[in-house]
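Undergrad: Here is a sequence together with a model predicted from it:
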Amino acid sequence: MDTELRYIKGIGEAREKLLVKLGIRTLRDLVVYFPRAYEDRTQFKAIGALIAGETLCVRAMAAASPRLTHIRRGLDIVKLRAVDDTGALEITFFNQSFVKDAILPGETYVFYGKVSGTSRKPEMTNPIFERDTAGSKTTGRIMPVYSLTAGLSQKIMRDAVRQGLDRCGDLPPNALLDSVADRLELCKARFAYENVHFPADGNALEIARKRLIFEEFFVLAAAMKFLRDRRADKTGRAFETPDFDEFYRALPFEPTGAQKRAVEETAQDMAQSRPMNRLIQGDVGSGKTLVAAACCWMAWKSGAQSALMAPTEVLASQHFRSLSEMLEPLGMRVALLTGSFTAKQKREVCGSLQLGETDLVIGTHALISESVSFFDLGLVITDEQHRFGVNQRSMLTEKGDSPHVLVMSATPIPRTLALIIYGDLDVSVIDEMPPGRREVETFVVGERHRRRIYDFIEKLVSEGRQIFVICPMVEEGEADDLKSAREHYETLKNEVFAHLRVALVHGKMASKEKDAAMKAFAGGDADILVATTVVEVGVDVPNAALIVVENADRFGLSQLHQLRGRVGRGSHKSYCVLFCAASGEMSRERLEIMRGTNDGFKIAEEDLKLRGPGDFFGSRQHGLPEMRIANLATDMSLLSLAQTEAEQLLRADPELRAPGNRKLAEQIERLFEINADKLN
């Protein structure tokens with residue numbers, strides 16, 4: 001299965017290089033490179049029944065020889081009239097001069113393409129065609145459509161996959177025991193691979209997909225159970241469970257039931273001799289920091305130090321302020337360490353950490369530098385873990401002796417997805433908002449409302465409030481018809497709000513510049529901050545009462561919810577305005593979900609249904625192995641079944657040593673190799 005591609009008939013060195021660009025390096029990679037879509041070329045219609053917009057096959061005779069016209073250099077047109085008993089079809093081929101000699105008058109062909117023109121005068125442009133014979137190869141069947149790279153065509157790709165399947169024979173990749181497949185009434189692996197690439201019909205395709213989706217989930221579920229069991233073998237340090245009432249009494253507010261429940265769950269973990277590996281998942285503003293503070297206090301009570309790593313200096317500074325307020329009155333010594341510290345400041349913090357004079361350090365990536373060492377690190381907390389690579393996280397945990405690990409995330413993830421992504425973590429969900437947290441009123445508006453929104457911004461600024469304006473891209477030319485932060489900033493600063501203080505922050509700025517701009521806005525030095533999604537996580541500006549999102553239809557719902565969480569953090573009534581440029585009913589309907597609820601988990605479920613898991617996270621690292629065929633939004637029943645089966649199998653053979661399970665063990669190993677930066 002690991003045969004090099006160049007030795008497969010019809011590929012050779014040049015095509016091998018192109019396939020490698022798609023991540024296809026071996027025979028195995030080739031046969032598991034599943035189609036992204038299918039063209040149903042089984043639908044035929046007579047010319048007289050054609051309707052513009054349909055894509056289908058037409059069986060017709062060439063009424064005369066095709067006519068070739070040279071329009072100009074680089075543009076040739078071939079015109080053809082094809083007929084059947086019900087009418088005539090006008091066909092145009094652009095830059096396909098070979099058609100002139102390929103189609104013979106009086107012969108019958110099958111043409112597959114999109115119908116244009118009118119019902120009286122139907123037309124097709126650049127259709128696929130072949131002579132109407134019994135052994136048709138490209139029409140009258142369901143054809144796979146693959147993702148390509150420049151230099152590869154669908155035909156080259158199909159031929160390569162065909163060769164790959166033939167080379168595999170009866171031994172395609174297969175992690176399932178035949179007994180399991182038979183019991184679950186799943187087809188054989190050979191049938192599945194053949195029919196997912198070259199389906200005999202629609203039914204065969206569904207049967208094939210079911211088998212392969214189940215198998216993909218089965219390998220993933222088994223891998224996650226493996227990770228969890230491997231973690232169970234580690235030994236760590238059991239902390240004493242303190243009386244948390246003492247901690248709660250010192251707080252200036254009463255924790256919610258959900259916060260207390262999360263504290264209880266983490267405390268139980270930290271009291272075990274197995275290192276904790278828990279995720280605290282809570283919506284924006286749900287109070288995850290309190291849970292982190294309680295864990296740090298418990299570690300301190302047992303004589304251990306804690307470290308909290310945040311992705312940005314602004315977020316680290318925020319955590320430092322809020323955790324200091326909660327923990328210093330209890331006697332804990334809290335320090336901050338970021339990349340912008342002077343050498344002297346860094347030396348001081350590092351010295352006190354090494355001597356055990358600091359109980360909790362909060363910082364950015366600076367925490368993983370070699371100069372940082374701890375007297376006794378017992379607890380590691382990472383905030384928004386998807387923003388750190390696995391290596392960065394492990395570099396921090398390695399500074400202690402198997403410390404307990406707590407991960408915090410404000411990105412609400414549907415339970416179905418969390419089962420996969422965090423299969424090796426225990427999950428606590430804070431599903432209750434603290435009292436006093438205001439709901440943000442949301443409006444979906446079109447361009448005609450712009451003047452009114454600008455007037456509203458003027459009114460809020462006159463009342464002393466601040467405004468976020470979010471754009472989907474940094475500069476012009478990145479995409480058509482989208483607002484760029486730089487250009488929009490110039491317009492607002494020089495034309496619309498020339499009398500106000502307008503600032504700019506975006507992802508292409510240096511970290512120090514970005515942090516300075518954020519700090520200035522948080523400190524009240526600007527009225528309006530024009531930004532890209534760099535402000536999505538964690539920036540706390542209680543005085544901000546409005547967030548305006550340009551081209552909101554281009555963002556995922558979960559991302560919009562994160563952005564909306566930037567306002568409503570203070571005592572002022574807050575608003576979110578979503579500009580929707582798209583005219584489609586679907587775009588509008590999607591944004592209306594935002595208007596209808598402030599519940600991040602409900603929004604996440606809807607987002608997953610609408611966009612699938614790939615888009616759900618955008619391009620951020622999120623810990624999710626790439627799904628080749630399964631769809632976490634639509635195939636959940638198979639995921640559930642796969643998890644049950646994987647658990648049963650691993651209970652019977654925890655090390656996968658049985659001969660029949662060797663292939664599953666290999667697939668798990670391969671999954672860990674491919675996703676080394678995603679699975680931890």
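TA: Perfect, thanks for sending it.
Undergrad: Val427 contacts Asn277, doesn't it?
TA: No - using CB atoms under 8 Å as the test, Val427 is too far from Asn277 to be in contact (10.4 Å). The C-beta positions use only the backbone N, C-alpha and C, and glycine is treated the same way.
Undergrad: can you confirm Tyr109 is in a helix?
TA: No - secondary structure of Tyr109 (DSSP: H, G, I helix; E, B strand; the rest coil): strand, not part of a helix.
Undergrad: State the distance from it to Thr139.
TA: 9 Å (CB to CB, to the nearest Å).
Undergrad: Mutual contacts of the two, please.
TA: Phe129, Glu130 (CB atoms under 8 Å, 6 or more residues apart in numbering).
Undergrad: picking that back up, ok, Val427 and Asn277, which is more surrounded?
TA: Asn277 (22 against 18; other CB atoms under 10 Å).
Undergrad: Would you mind measuring from that one to Thr382?
TA: Counting by CB to CB - Asn277 and Thr382 are separated by 11 Å.
Undergrad: Check Ser574 too.
TA: The value you get for Ser574 to Thr382, if CB to CB is used, is 29 Å.
Undergrad: likewise Val361?
TA: Taking CB to CB, one finds Val361 at 13 Å from Thr382.
Undergrad: Looking at those two now, which is surrounded by more residues?
TA: Val361 (26 against 23).
Undergrad: Please look at the more buried one and Met309 and confirm they touch.
TA: No - Val361 is not in contact with Met309 according to CB under 8 Å; the separation is 9.3 Å.
Undergrad: okay, and the common contacts of those two?
TA: Joint contacts of Val361 and Met309 (CB under 8 Å, 6+ apart) are Leu367.
Undergrad: buried ones in stretch 343-362?
TA: Lys346, Val349, Cys350, Ser352, Leu353, Thr358, Asp359, Leu360, Val361, Ile362 (16 or more other CB atoms under 10 Å).
Undergrad: per the record, what domains does the chain have?
TA: Per automatic domain parsing, the structural domains of the chain span 1-41+154-169, 43-140, 244-430, 441-597.
Undergrad: tell me the mean pLDDT for the first one?
TA: Read it as domain 1-41+154-169. The average pLDDT within domain 1-41+154-169 is 84.
Undergrad: burial of Gly400, as a residue count?
TA: By the criterion of other CB under 10 Å, Gly400 has 22 neighbours.
Undergrad: can you check Asp599 too?
TA: Using other CB under 10 Å, the number of residues around Asp599 comes to 14.
Undergrad: swap in Ala310?
TA: 27.
Undergrad: quick one, what contacts the nearest residue to it once chain neighbours are set aside?
TA: In space, Ala310 comes closest to Ala316 once its chain neighbours are excluded; the distance is 4.2 Å by CB to CB, 6 or more residues apart in numbering. Contact criterion CB under 8 Å, 6+ apart gives Leu308, Ala310, Leu336, Thr338, Ile362, Gly363, Thr364 as the residues in contact with Ala316.
Undergrad: give me that answer again for 6 Å
TA: By CB atoms under 6 Å, 6 or more residues apart in numbering, the residues touching Ala316 are Ala310, Thr338, Ile362, Gly363, Thr364.
Undergrad: Quick check: the first one vs His365, distance?
TA: Using CB to CB, Ala310 is found at 10 Å from His365.
Undergrad: Quick check: neighbours shared by those two?
TA: In contact with both Ala310 and His365: no residue, using CB under 6 Å, 6+ apart.
Undergrad: Assign a three-state SS to Leu92, would you?
TA: Small correction: residue 92 is Thr, not Leu. strand.
Undergrad: beta partners for it?
TA: Lys79, Thr125 (DSSP bridges).
Undergrad: What about it, how many residues nearby?
TA: 15.
Undergrad: still on that earlier bit, from the domains of the chain, which stretch is densest packed?
TA: domain 244-430 (a mean of 20; mean count of other CB atoms under 10 Å).
Undergrad: pLDDT of that one, averaged?
TA: Mean predicted lDDT for domain 244-430 stands at 83.
Undergrad: Stretch 48-61 too?
TA: Here the average pLDDT along stretch 48-61 is 95.
Undergrad: So which residues make contact with that stretch?
TA: Outside stretch 48-61, the residues touching it (CB under 6 Å, 6+ apart) are 41, 43-45, 82-84, 86-87, 89, 108, 110-112, 114-116, 122, 132, 139.
Undergrad: what do you get for stretch 36-46?
TA: By CB under 6 Å, 6+ apart, the list of residues contacting stretch 36-46 reads Leu56, Cys57, Asp84, Thr86, Tyr112, Thr139, Arg141, Ile142, Met143, Val145, Ser147.
Undergrad: now those residues as CSV including distance to Lys514 and secondary structure?
TA: Shown next, in CSV, are the contacts of stretch 36-46 (distance: CB to CB, whole Å; DSSP: H, G, I helix; E, B strand; the rest coil):
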residue, distance to Lys514, secondary structure
Leu56, 53, strand
Cys57, 55, strand
Asp84, 65, strand
Thr86, 66, coil
Tyr112, 52, strand
Thr139, 55, coil
Arg141, 54, coil
Ile142, 50, strand
Met143, 48, strand
Val145, 41, strand
Ser147, 34, coil
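Undergrad: just curious, which of those residues is nearest to Ala510?
TA: Ser147 (34.9 Å; CB to CB).
Undergrad: What separation do you get for the closest one and Gly12?
TA: Distance, Ser147 to Gly12, by CB to CB: 21 Å.
Undergrad: Pull the contacting residues for Ser558.
TA: Contacts of Ser558 by CB under 6 Å, 6+ apart are Ala604, Asp607.
Undergrad: Helix or strand for it, just tell me which one.
TA: Under the criterion of DSSP states H and E, Ser558 resides in helix 557-564.
Undergrad: And the average pLDDT for that helix is what?
TA: Rounded mean pLDDT across helix 557-564 is 83.
Undergrad: following that helix, which helix or strand comes up?
TA: strand 575-579.
Undergrad: Go ahead and name everything in contact with that following strand.
TA: By CB under 6 Å, 6+ apart, strand 575-579 touches 440-444, 453, 546-550, 552, 564, 591.
Undergrad: who does that strand pair up with?
TA: Assessed with DSSP bridges, strand 575-579 is paired to strand 441-445 (parallel), strand 544-549 (parallel).
Undergrad: so Phe247 makes contact with Met298?
TA: No - the criterion here is CB atoms under 6 Å, and Phe247 misses it with Met298 at 8.4 Å.
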